[in-house]
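Colleague: Pasting the sequence and the predicted model now:
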Amino acid sequence: MALSLSYARQALCAAAVFGCTALTAMVPLSASAAPVAKQQTQVPGYYRMALGDFEVTALYDGYIDLDNKLLKGASAEDIQALMAKMFVDSSNGVQTAVNAYLINTGSNLLLIDTGAAQCFGPTLGVVQSNLKASGYSLEQVDSVLLTHLHPDHSCGLLTADGKAAYPNATVYVPQAEADYWLSDEVAGQAPEARRGMFSMSQQAVAPYEAQQRLKRYSPDSHLFAGLSVVPSNGHTPGHSSYLLSSKDQSLLVWGDIVHSHAVQFAKPEVVIEFDSDNAKALATRKKLFADAARDKLWVAGAHMPFPGIGHVRTEGSAYAWVPVEFGPIRSDR
(Lines give C-alpha, C1' and ligand atoms only; values in the text may rest on other atoms or scores of the structure.)
Protein backbone atom coordinates (compact mmCIF):
# COMPACT_ATOMS: atom_id res chain seq x y z
CA MET A 1 0.00 0.00 0.00
CA ALA A 2 2.86 2.35 0.87
CA LEU A 3 4.42 1.62 -2.54
CA SER A 4 1.17 2.47 -4.31
CA LEU A 5 0.91 5.75 -2.44
CA SER A 6 4.48 6.59 -3.44
CA TYR A 7 3.72 5.93 -7.11
CA ALA A 8 0.54 7.97 -6.83
CA ARG A 9 2.38 10.91 -5.38
CA GLN A 10 4.99 10.74 -8.13
CA ALA A 11 2.27 10.57 -10.74
CA LEU A 12 0.50 13.62 -9.29
CA CYS A 13 3.81 15.55 -9.17
CA ALA A 14 4.61 14.59 -12.75
CA ALA A 15 1.16 15.59 -13.91
CA ALA A 16 1.44 18.91 -12.13
CA VAL A 17 4.82 19.64 -13.68
CA PHE A 18 4.06 18.54 -17.22
CA GLY A 19 0.55 19.98 -17.04
CA CYS A 20 1.89 23.40 -16.14
CA THR A 21 4.58 23.15 -18.80
CA ALA A 22 2.06 22.25 -21.45
CA LEU A 23 -0.28 25.00 -20.33
CA THR A 24 2.54 27.53 -20.43
CA ALA A 25 3.51 26.42 -23.91
CA MET A 26 -0.06 26.97 -25.13
CA VAL A 27 -0.40 30.49 -23.71
CA PRO A 28 1.13 33.06 -26.10
CA LEU A 29 2.96 36.13 -24.87
CA SER A 30 0.68 39.13 -24.87
CA ALA A 31 0.98 40.99 -28.12
CA SER A 32 0.21 44.21 -26.29
CA ALA A 33 3.03 43.86 -23.73
CA ALA A 34 5.20 46.98 -23.70
CA PRO A 35 8.82 46.42 -24.86
CA VAL A 36 11.48 46.64 -22.16
CA ALA A 37 13.47 49.84 -22.62
CA LYS A 38 17.17 49.39 -23.33
CA GLN A 39 19.63 50.91 -20.87
CA GLN A 40 22.04 53.01 -22.92
CA THR A 41 24.40 54.13 -20.17
CA GLN A 42 27.72 52.37 -19.54
CA VAL A 43 29.34 51.66 -16.18
CA PRO A 44 31.61 54.40 -14.74
CA GLY A 45 34.93 54.43 -16.57
CA TYR A 46 37.52 53.46 -13.99
CA TYR A 47 39.69 50.39 -13.46
CA ARG A 48 41.85 49.69 -10.44
CA MET A 49 45.00 47.60 -9.97
CA ALA A 50 47.74 47.22 -7.40
CA LEU A 51 51.36 47.98 -8.28
CA GLY A 52 53.40 46.85 -5.28
CA ASP A 53 52.32 49.22 -2.52
CA PHE A 54 50.90 51.70 -5.04
CA GLU A 55 47.31 51.81 -6.24
CA VAL A 56 46.70 52.64 -9.90
CA THR A 57 43.29 53.78 -11.13
CA ALA A 58 42.77 54.10 -14.88
CA LEU A 59 40.25 56.82 -15.77
CA TYR A 60 38.35 56.89 -19.06
CA ASP A 61 37.80 60.30 -20.64
CA GLY A 62 35.84 59.11 -23.65
CA TYR A 63 36.71 58.53 -27.29
CA ILE A 64 37.43 60.23 -30.56
CA ASP A 65 37.14 58.69 -34.03
CA LEU A 66 40.43 58.89 -35.96
CA ASP A 67 40.74 58.47 -39.71
CA ASN A 68 43.14 55.78 -40.96
CA LYS A 69 44.60 58.38 -43.32
CA LEU A 70 46.33 59.98 -40.33
CA LEU A 71 48.65 56.95 -40.15
CA LYS A 72 51.79 57.18 -42.29
CA GLY A 73 54.53 54.65 -43.08
CA ALA A 74 52.53 51.75 -44.53
CA SER A 75 50.17 51.30 -47.46
CA ALA A 76 46.45 51.85 -47.00
CA GLU A 77 45.95 48.16 -47.85
CA ASP A 78 48.38 47.00 -45.14
CA ILE A 79 46.82 49.29 -42.56
CA GLN A 80 43.32 48.10 -43.41
CA ALA A 81 44.45 44.45 -43.25
CA LEU A 82 45.91 44.97 -39.77
CA MET A 83 42.72 46.66 -38.63
CA ALA A 84 40.64 43.78 -39.96
CA LYS A 85 42.92 41.24 -38.28
CA MET A 86 42.10 42.86 -34.93
CA PHE A 87 38.38 43.17 -35.81
CA VAL A 88 38.63 46.97 -35.70
CA ASP A 89 35.90 48.74 -37.67
CA SER A 90 37.51 51.69 -39.42
CA SER A 91 34.73 52.47 -41.89
CA ASN A 92 33.76 55.68 -40.05
CA GLY A 93 37.01 56.34 -38.26
CA VAL A 94 38.58 54.19 -35.55
CA GLN A 95 37.15 54.64 -32.06
CA THR A 96 40.20 55.75 -30.07
CA ALA A 97 40.17 56.04 -26.29
CA VAL A 98 41.56 58.88 -24.20
CA ASN A 99 42.78 57.69 -20.79
CA ALA A 100 44.33 59.23 -17.68
CA TYR A 101 45.87 57.53 -14.63
CA LEU A 102 45.50 58.25 -10.93
CA ILE A 103 48.31 56.96 -8.71
CA ASN A 104 47.98 56.66 -4.93
CA THR A 105 51.49 56.16 -3.58
CA GLY A 106 50.37 56.30 0.05
CA SER A 107 52.06 59.71 0.37
CA ASN A 108 50.76 61.44 -2.76
CA LEU A 109 47.76 61.28 -5.05
CA LEU A 110 49.15 61.85 -8.54
CA LEU A 111 47.11 62.32 -11.71
CA ILE A 112 48.95 61.62 -14.97
CA ASP A 113 47.19 63.55 -17.78
CA THR A 114 43.71 64.99 -17.42
CA GLY A 115 41.73 64.27 -20.57
CA ALA A 116 40.18 66.69 -23.04
CA ALA A 117 37.33 68.28 -21.03
CA GLN A 118 35.22 70.05 -23.67
CA CYS A 119 38.04 70.86 -26.11
CA PHE A 120 37.14 68.13 -28.62
CA GLY A 121 33.40 67.66 -28.41
CA PRO A 122 30.81 65.70 -26.43
CA THR A 123 32.35 62.21 -26.71
CA LEU A 124 35.17 63.26 -24.38
CA GLY A 125 35.51 65.05 -21.05
CA VAL A 126 34.53 62.64 -18.28
CA VAL A 127 37.81 62.09 -16.40
CA GLN A 128 36.65 64.32 -13.54
CA SER A 129 33.33 62.51 -13.08
CA ASN A 130 35.01 59.10 -13.33
CA LEU A 131 37.62 60.15 -10.78
CA LYS A 132 34.78 60.97 -8.38
CA ALA A 133 33.01 57.71 -9.20
CA SER A 134 36.22 55.85 -8.34
CA GLY A 135 36.00 57.08 -4.75
CA TYR A 136 38.30 60.10 -4.76
CA SER A 137 37.68 63.84 -4.95
CA LEU A 138 39.31 66.47 -7.15
CA GLU A 139 40.50 68.23 -3.98
CA GLN A 140 42.53 65.18 -2.93
CA VAL A 141 44.77 65.29 -6.01
CA ASP A 142 47.97 67.01 -4.92
CA SER A 143 49.95 66.73 -8.18
CA VAL A 144 49.16 66.55 -11.89
CA LEU A 145 51.89 65.31 -14.23
CA LEU A 146 51.40 65.94 -17.93
CA THR A 147 53.06 63.71 -20.51
CA HIS A 148 52.69 66.62 -22.92
CA LEU A 149 50.52 69.66 -23.51
CA HIS A 150 48.25 68.54 -26.33
CA PRO A 151 44.69 69.61 -25.43
CA ASP A 152 43.39 66.03 -25.08
CA HIS A 153 45.82 65.68 -22.17
CA SER A 154 45.70 69.17 -20.66
CA CYS A 155 42.23 70.69 -21.19
CA GLY A 156 40.92 68.54 -18.34
CA LEU A 157 42.84 70.77 -15.95
CA LEU A 158 39.81 73.10 -16.11
CA THR A 159 36.21 72.93 -14.98
CA ALA A 160 33.40 73.72 -17.41
CA ASP A 161 33.52 77.37 -16.32
CA GLY A 162 37.27 77.68 -16.88
CA LYS A 163 38.48 77.40 -13.29
CA ALA A 164 41.19 75.11 -11.92
CA ALA A 165 39.60 71.67 -11.57
CA TYR A 166 42.24 70.52 -9.06
CA PRO A 167 42.34 73.31 -6.49
CA ASN A 168 45.11 71.79 -4.36
CA ALA A 169 47.32 70.39 -7.11
CA THR A 170 50.64 71.51 -8.52
CA VAL A 171 50.91 70.86 -12.27
CA TYR A 172 54.21 69.47 -13.59
CA VAL A 173 55.16 70.02 -17.23
CA PRO A 174 58.40 69.03 -19.02
CA GLN A 175 60.51 72.14 -19.62
CA ALA A 176 60.89 71.53 -23.36
CA GLU A 177 57.14 71.06 -23.64
CA ALA A 178 56.43 74.34 -21.86
CA ASP A 179 59.04 76.16 -23.95
CA TYR A 180 57.17 75.12 -27.08
CA TRP A 181 53.45 75.19 -26.29
CA LEU A 182 53.44 78.07 -23.83
CA SER A 183 55.53 80.37 -26.00
CA ASP A 184 53.66 83.20 -27.72
CA GLU A 185 56.54 83.47 -30.18
CA VAL A 186 56.35 79.81 -31.23
CA ALA A 187 52.55 79.99 -31.40
CA GLY A 188 52.76 83.06 -33.64
CA GLN A 189 55.03 81.22 -36.08
CA ALA A 190 52.86 78.08 -36.22
CA PRO A 191 50.54 77.42 -39.18
CA GLU A 192 47.21 79.12 -38.59
CA ALA A 193 45.39 75.77 -38.51
CA ARG A 194 47.46 74.72 -35.47
CA ARG A 195 47.28 77.93 -33.45
CA GLY A 196 44.10 76.78 -31.76
CA MET A 197 46.07 73.92 -30.17
CA PHE A 198 48.47 76.43 -28.63
CA SER A 199 45.61 78.57 -27.35
CA MET A 200 43.82 75.63 -25.70
CA SER A 201 47.00 74.42 -24.01
CA GLN A 202 47.86 77.89 -22.72
CA GLN A 203 44.35 78.45 -21.37
CA ALA A 204 44.41 75.07 -19.62
CA VAL A 205 47.44 75.88 -17.47
CA ALA A 206 46.72 79.61 -16.98
CA PRO A 207 44.89 79.38 -13.60
CA TYR A 208 47.68 77.23 -12.16
CA GLU A 209 50.41 79.52 -13.43
CA ALA A 210 48.57 82.53 -11.97
CA GLN A 211 48.62 80.80 -8.56
CA GLN A 212 52.28 79.72 -8.97
CA ARG A 213 51.23 76.09 -9.14
CA LEU A 214 52.74 75.35 -12.56
CA LYS A 215 56.19 73.73 -12.33
CA ARG A 216 58.46 73.21 -15.31
CA TYR A 217 60.95 70.38 -14.78
CA SER A 218 64.07 69.11 -16.53
CA PRO A 219 64.45 65.50 -17.82
CA ASP A 220 66.76 64.53 -14.91
CA SER A 221 64.37 65.79 -12.23
CA HIS A 222 63.41 63.56 -9.31
CA LEU A 223 59.82 64.56 -8.68
CA PHE A 224 58.44 61.87 -6.34
CA ALA A 225 59.67 58.75 -4.59
CA GLY A 226 59.04 55.73 -6.78
CA LEU A 227 58.65 57.81 -9.96
CA SER A 228 61.22 58.38 -12.71
CA VAL A 229 60.89 60.65 -15.72
CA VAL A 230 61.51 58.88 -19.03
CA PRO A 231 62.14 61.41 -21.82
CA SER A 232 60.26 60.17 -24.88
CA ASN A 233 60.03 63.07 -27.28
CA GLY A 234 59.10 62.92 -30.92
CA HIS A 235 55.34 63.04 -30.65
CA THR A 236 55.90 66.53 -29.23
CA PRO A 237 59.18 68.35 -28.43
CA GLY A 238 59.07 67.56 -24.71
CA HIS A 239 56.86 64.47 -24.59
CA SER A 240 57.73 62.48 -21.44
CA SER A 241 56.71 59.16 -19.91
CA TYR A 242 56.65 58.22 -16.23
CA LEU A 243 58.02 55.00 -14.76
CA LEU A 244 56.39 54.06 -11.47
CA SER A 245 58.07 51.42 -9.30
CA SER A 246 56.99 49.80 -6.05
CA LYS A 247 58.48 46.62 -4.62
CA ASP A 248 59.23 44.40 -7.62
CA GLN A 249 56.66 45.87 -10.00
CA SER A 250 56.93 48.72 -12.49
CA LEU A 251 54.45 50.56 -14.69
CA LEU A 252 55.44 52.81 -17.58
CA VAL A 253 52.79 55.45 -18.29
CA TRP A 254 53.87 56.31 -21.81
CA GLY A 255 51.36 58.88 -23.05
CA ASP A 256 51.08 58.98 -26.84
CA ILE A 257 53.64 56.38 -27.90
CA VAL A 258 50.81 54.44 -29.58
CA HIS A 259 47.67 55.77 -31.23
CA SER A 260 46.65 52.59 -33.08
CA HIS A 261 47.20 49.34 -31.21
CA ALA A 262 46.02 47.36 -34.23
CA VAL A 263 48.72 48.82 -36.49
CA GLN A 264 51.68 50.18 -34.55
CA PHE A 265 52.62 47.08 -32.55
CA ALA A 266 52.76 45.03 -35.74
CA LYS A 267 54.40 47.90 -37.64
CA PRO A 268 56.23 50.23 -35.21
CA GLU A 269 57.47 52.23 -38.17
CA VAL A 270 53.97 53.66 -38.72
CA VAL A 271 53.71 57.22 -37.42
CA ILE A 272 50.73 59.52 -37.07
CA GLU A 273 50.19 62.95 -38.56
CA PHE A 274 50.12 64.51 -35.07
CA ASP A 275 53.80 63.62 -34.44
CA SER A 276 55.94 66.74 -34.48
CA ASP A 277 59.11 64.81 -35.42
CA ASN A 278 58.41 61.52 -37.20
CA ALA A 279 61.98 60.19 -36.98
CA LYS A 280 62.22 60.83 -33.23
CA ALA A 281 58.73 59.47 -32.59
CA LEU A 282 59.64 56.28 -34.43
CA ALA A 283 62.95 55.85 -32.59
CA THR A 284 61.26 56.47 -29.22
CA ARG A 285 58.50 53.94 -29.94
CA LYS A 286 60.95 51.22 -30.94
CA LYS A 287 63.07 51.81 -27.84
CA LEU A 288 60.14 51.79 -25.42
CA PHE A 289 58.65 48.69 -27.06
CA ALA A 290 61.97 46.88 -26.65
CA ASP A 291 62.41 48.08 -23.06
CA ALA A 292 58.87 47.13 -22.05
CA ALA A 293 59.11 43.66 -23.61
CA ARG A 294 62.57 42.93 -22.19
CA ASP A 295 61.79 44.13 -18.66
CA LYS A 296 58.21 42.76 -18.64
CA LEU A 297 56.93 46.18 -17.60
CA TRP A 298 53.31 47.00 -17.07
CA VAL A 299 52.45 49.71 -19.59
CA ALA A 300 49.65 52.31 -19.59
CA GLY A 301 48.80 54.18 -22.77
CA ALA A 302 46.66 57.26 -23.24
CA HIS A 303 45.14 55.97 -26.48
CA MET A 304 45.07 52.22 -25.89
CA PRO A 305 41.65 50.54 -25.52
CA PHE A 306 40.46 51.25 -21.97
CA PRO A 307 41.82 50.69 -19.36
CA GLY A 308 44.90 50.98 -21.55
CA ILE A 309 47.01 48.80 -19.24
CA GLY A 310 48.88 45.69 -20.31
CA HIS A 311 52.19 44.23 -21.42
CA VAL A 312 54.20 44.32 -24.63
CA ARG A 313 55.58 41.06 -25.97
CA THR A 314 57.77 40.33 -28.96
CA GLU A 315 56.19 38.62 -31.95
CA GLY A 316 58.92 37.77 -34.43
CA SER A 317 60.52 41.03 -35.47
CA ALA A 318 57.46 43.00 -34.31
CA TYR A 319 55.44 43.29 -31.12
CA ALA A 320 52.00 42.50 -29.73
CA TRP A 321 49.79 44.00 -27.04
CA VAL A 322 48.64 41.86 -24.10
CA PRO A 323 45.85 43.68 -22.22
CA VAL A 324 45.34 43.41 -18.47
CA GLU A 325 42.76 40.93 -17.25
CA PHE A 326 39.89 42.28 -15.17
CA GLY A 327 39.98 41.09 -11.58
CA PRO A 328 39.90 42.11 -7.92
CA ILE A 329 42.68 43.83 -5.99
CA ARG A 330 44.55 40.88 -4.47
CA SER A 331 47.14 40.84 -1.68
CA ASP A 332 48.53 37.36 -2.44
CA ARG A 333 50.26 38.25 -5.70
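Modeller: Yep, that arrived.
Colleague: Please enumerate the helices of the stretch 51-200 of the chain.
Modeller: Shown for the stretch 51-200 of the chain, the helices assigned by DSSP state H, counting those that start in this stretch span residues 76-85, 127-133, 151-154, 175-181, 184-189, 195-210.
Colleague: I'd like the ones you listed as JSON lines, with distance to residue 241 appended.
Modeller: All C-beta atoms are positioned from the backbone trio N, CA, C, and that covers glycine. Below are the helices of the stretch 51-200 of the chain laid out as JSON lines (distance: least, C-beta to C-beta, whole Å):
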{"stretch": "helix 76-85", "distance to residue 241": "24"}
{"stretch": "helix 127-133", "distance to residue 241": "19"}
{"stretch": "helix 151-154", "distance to residue 241": "12"}
{"stretch": "helix 175-181", "distance to residue 241": "12"}
{"stretch": "helix 184-189", "distance to residue 241": "23"}
{"stretch": "helix 195-210", "distance to residue 241": "19"}
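Colleague: Make CSV out of those helices and add mean pLDDT.
Modeller: Listed next are the helices of the stretch 51-200 of the chain as CSV, based on pLDDT from 0 to 100:
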stretch, mean pLDDT
helix 76-85, 95
helix 127-133, 98
helix 151-154, 98
helix 175-181, 97
helix 184-189, 92
helix 195-210, 96
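Colleague: Pull the contacting residues for residue 215.
Modeller: Residues touching residue 215, when contacts are defined by C-beta atoms under 8 Å, 6 or more residues apart in numbering, comprise 170, 171, 172, 173.
Colleague: ok, the residues you listed vs residue 69, which is closest?
Modeller: Minimum distance to residue 69 across those is 30.8 Å, recorded for residue 173 (C-beta to C-beta).
Colleague: isn't the closest one right next to residue 153, touching?
Modeller: No. With contact taken as C-beta atoms under 8 Å, residue 173 and residue 153 are classed as non-touching, separated by 10.4 Å.
Colleague: Mutual contacts of those two, please.
Modeller: If you check residue 173 and residue 153 against C-beta under 8 Å, 6+ apart, the residues they both contact are residue 146.
Colleague: who are the neighbours in contact with residue 275?
Modeller: 234, 235, 281.
Colleague: Which one of those residues sits in the busiest neighbourhood?
Modeller: Sorting the contacts of residue 275 by how many neighbours each has (other C-beta atoms under 10 Å) puts residue 235 first, at 26 neighbours.
Colleague: For it, give its distance to residue 303.
Modeller: Residue 235 is 11 Å from residue 303, where distance means C-beta to C-beta, to the nearest Å.
Colleague: same deal with residue 149?
Modeller: The gap separating residue 149 from residue 303 is 16 Å, by C-beta to C-beta.
Colleague: cool, and residue 251?
Modeller: Separation of residue 251 from residue 303 (C-beta to C-beta) stands at 17 Å.
Colleague: next one: residue 169
Modeller: Taken as C-beta to C-beta, the span from residue 169 to residue 303 is 23 Å.
Colleague: Residue 282 too?
Modeller: With distances defined as C-beta to C-beta, the gap from residue 282 to residue 303 amounts to 17 Å.
Colleague: which of these two has more neighbours?
Modeller: Under the criterion of other C-beta under 10 Å, the comparison of residue 282 against residue 303 puts residue 303 first, with 21 against 18.
Colleague: Can you give me the pLDDT of the residue lying closest to that one once chain neighbours are set aside?
Modeller: Among residues not flanking residue 303 along the chain, residue 259 sits closest, at 4.9 Å (C-beta to C-beta, 6 or more residues apart in numbering). The per-residue pLDDT reported for residue 259 equals 98.
Colleague: neighbours around residue 146, how many?
Modeller: Other residues near residue 146 number 28, with proximity taken as other C-beta under 10 Å.
Colleague: Need the pLDDT of it.
Modeller: pLDDT, the model's per-residue confidence, is 98 for residue 146.
Colleague: Isn't it up against residue 172?
Modeller: Yes. Taking C-beta under 8 Å as the definition, residue 146 is a contact partner of residue 172 at 6.9 Å.
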